[in-house]
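Peer 1: Sequence first, then the predicted structure, then my questions.
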Amino acid sequence: MGFFDFFKKENKETYDQGLQKSKQSIFDKLTRAIAGRDKVDDEVLDSLEETLVTSDVGVETTLRIIERIEDRVARDKYVGTSELNRILREEITALLAENEREERDGFNLRPGMKRPYVILVVGVNGVGKTTTIGKLAYQFKQAGNKVILGAADTFRAAAIDQLQIWGDRVGVPVVKQQMGSDPASVAFDAVTHAVKEGADVVIIDTAGRLHNKVGLMNELGKIRKVITKVVPESNPEVLLVLDGSTGQNAFEQAKQFAAVTDVTALAVTKLDGTAKGGVVIGISDQLKTPVRYIGLGEGMKDLQIFNNKAFVDSLFAE
């Protein structure tokens, strides 16, 4: 049974409410694109292309979607504009599905998954990285997992303090050292403590900077190395946090981080306050990386496991 079969009514409502601004913007543009037209022709496709590009989907991903719809129109011979929304949802859902790597029942770990499950969280300052870590800790704990946080962003005292505040709020321990300490040393301590305590999940905060790409790459490499020393055959998740409200700027950040390290998953935050939700589609497609979580509000439960069908249906439903 897939994750969508578990998708509860309250989760669907969170998607609908959190994506309301993006949905309204896209719906208005789609309505104008097909106004007065019955058949999906070149003119309608041109208008649809403009709609997607101006909705922050991105040029390259938009062209892929248009090409897929053109193939459907050619195959089906006649497609009315009344069917366009359904076809659009189907093709975007299929596009996002190409980057999926596994299904997960909420925040429960898969049977047989190596423990502790280690998540390295990366992203520039200001995107909601620490808040995302706190919400992840809450959600994993609520699912019955024992969680430990690691404060490896040692370049800012505020980062360590903020993570401690979230640890206290959620009720999970934070492993930390003094400001300026070696981030890899903090990661080593966090994972060692997790193994000793029998923890299920370790979430490690890392420095939010890109001005020194070589330094960041070396730092993350050291962190990975010490983790595998403690947990052999461990394959840490590298979760890149992006601010969805920045639209194409988020895409540029994603490309820069992907050039520095092997990003394995994405978390896109602050989607509830923006009409730029289409950027999720473009980022996942262009990076060939799955979106794992999306932020749809300020509440602890508003960080949602990403489900492509629910996302597309909420974004494009009439």
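Peer 2: Nice, thanks for sending it over. Numbering: from 1, shown residues only.
Peer 1: and the protein, what are its domains?
Peer 2: Per the record's domain assignment (automatic domain parsing), the chain is made up of the domains 3-97, 117-309.
Peer 1: what packs against the helix or strand bottoming out on mean pLDDT in the chain?
Peer 2: Across the helices and strands of the chain, mean confidence by mean pLDDT, DSSP states H and E is lowest for helix 9-18: a mean of 78. Counting contacts by 3 or more Cβ pairs under 8 Å, 6 or more residues apart in numbering; DSSP states H and E, helix 9-18 packs against strand 303-305, helix 308-316. No exception for glycine: its C-beta is placed from N, CA and C like everyone else's.
Peer 1: quick one: strands adjacent to the shortest one?
Peer 2: Put plainly, it is strand 303-305. Strand 303-305 has these partner strands in its sheet, going by DSSP bridges: strand 291-295 (antiparallel).
Peer 1: gap between residue 208 and residue 128?
Peer 2: For residue 208, the distance to residue 128 equals 11 Å [Cβ to Cβ, to the nearest Å].
Peer 1: Break down the stretch 151-300 of the chain into its strands, ranges please.
Peer 2: Along the stretch 151-300 of the chain, the stretches classed as strands by DSSP state E, counting those that start in this stretch are 174-175, 201-205, 237-243, 265-269, 291-295.
Peer 1: Contacts only, for the closest residue to residue 169 other than its chain neighbours.
Peer 2: Among residues not flanking residue 169 along the chain, residue 134 sits closest, at 6.6 Å (Cβ to Cβ, 6 or more residues apart in numbering). Going by Cβ atoms under 8 Å, 6 or more residues apart in numbering, residue 134 touches 163, 166, 167, 169, 170.
Peer 1: same deal with residue 198?
Peer 2: Residue 198 sits next to residue 146 when contact means Cβ under 8 Å, 6+ apart.
Peer 1: Distance check, it against residue 23.
Peer 2: With distances taken as Cβ to Cβ, residue 198 is found 43 Å from residue 23.
Peer 1: Got phi/psi on residue 112?
Peer 2: Dihedral pair for residue 112: phi 90, psi -10, per degrees, to the nearest 10.
Peer 1: burial count for it?
Peer 2: Residue 112 has 6 neighbouring residues, counting by other Cβ atoms under 10 Å.
Peer 1: just to revisit the earlier point, for the host helix or strand of the residue nearest to residue 169, list the C-alpha coordinates in PDB.
Peer 2: In this structure, residue 134 sits in helix 129-142 according to DSSP states H and E. Taking only C-alpha atoms (Å, rounded to 0.1, in the frame of the first residue of the first chain), the coordinates of helix 129-142 have been written out as PDB:
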ATOM      1  CA  LYS A 129      17.000  25.500   8.400                       C
ATOM      2  CA  THR A 130      16.900  25.400  12.200                       C
ATOM      3  CA  THR A 131      13.100  25.600  12.300                       C
ATOM      4  CA  THR A 132      12.900  22.700   9.900                       C
ATOM      5  CA  ILE A 133      15.300  20.600  12.100                       C
ATOM      6  CA  GLY A 134      13.100  21.400  15.100                       C
ATOM      7  CA  LYS A 135       9.900  20.300  13.200                       C
ATOM      8  CA  LEU A 136      11.600  17.200  11.900                       C
ATOM      9  CA  ALA A 137      12.600  16.300  15.400                       C
ATOM     10  CA  TYR A 138       9.100  16.800  16.600                       C
ATOM     11  CA  GLN A 139       7.500  14.700  13.800                       C
ATOM     12  CA  PHE A 140      10.000  11.900  14.200                       C
ATOM     13  CA  LYS A 141       9.500  11.800  17.900                       C
ATOM     14  CA  GLN A 142       5.700  11.800  17.600                       C
END
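Peer 1: and that helix, what's its mean pLDDT?
Peer 2: In this model, helix 129-142 has an average pLDDT of 95.
Peer 1: Just the buried residues of it, please?
Peer 2: 129-141 (16 or more other Cβ atoms under 10 Å).
Peer 1: okay, residue 257: pLDDT?
Peer 2: Residue-level confidence at residue 257 comes out at 85, pLDDT.
Peer 1: measure the most centrally placed residue in the chain to residue 292 for me?
Peer 2: In the chain, the centroid-proximal residue (Cα atoms, centre = their mean) is residue 267; its distance is 2.4 Å. Distance, residue 267 to residue 292, using Cβ to Cβ: 6 Å.
Peer 1: Between these two, which contacts overlap?
Peer 2: With contacts taken as Cβ under 8 Å, 6+ apart, the residues that reach both residue 267 and residue 292 are residue 239.
Peer 1: which residue ranges form the helices in the stretch 51-200 of the chain?
Peer 2: Along the stretch 51-200 of the chain, the stretches classed as helices by DSSP state H, counting those that start in this stretch are 59-76, 84-97, 129-142, 157-170, 183-197.
Peer 1: Quick one: mean pLDDT over the fourth one.
Peer 2: Helix 157-170 shows a mean pLDDT of 94 in the predicted model.
Peer 1: Run the chain-centre distance for it.
Peer 2: The gap between the average C-alpha position of helix 157-170 and the chain average comes to 22 Å, counting by Cα atoms, centre = their mean, to the nearest Å.
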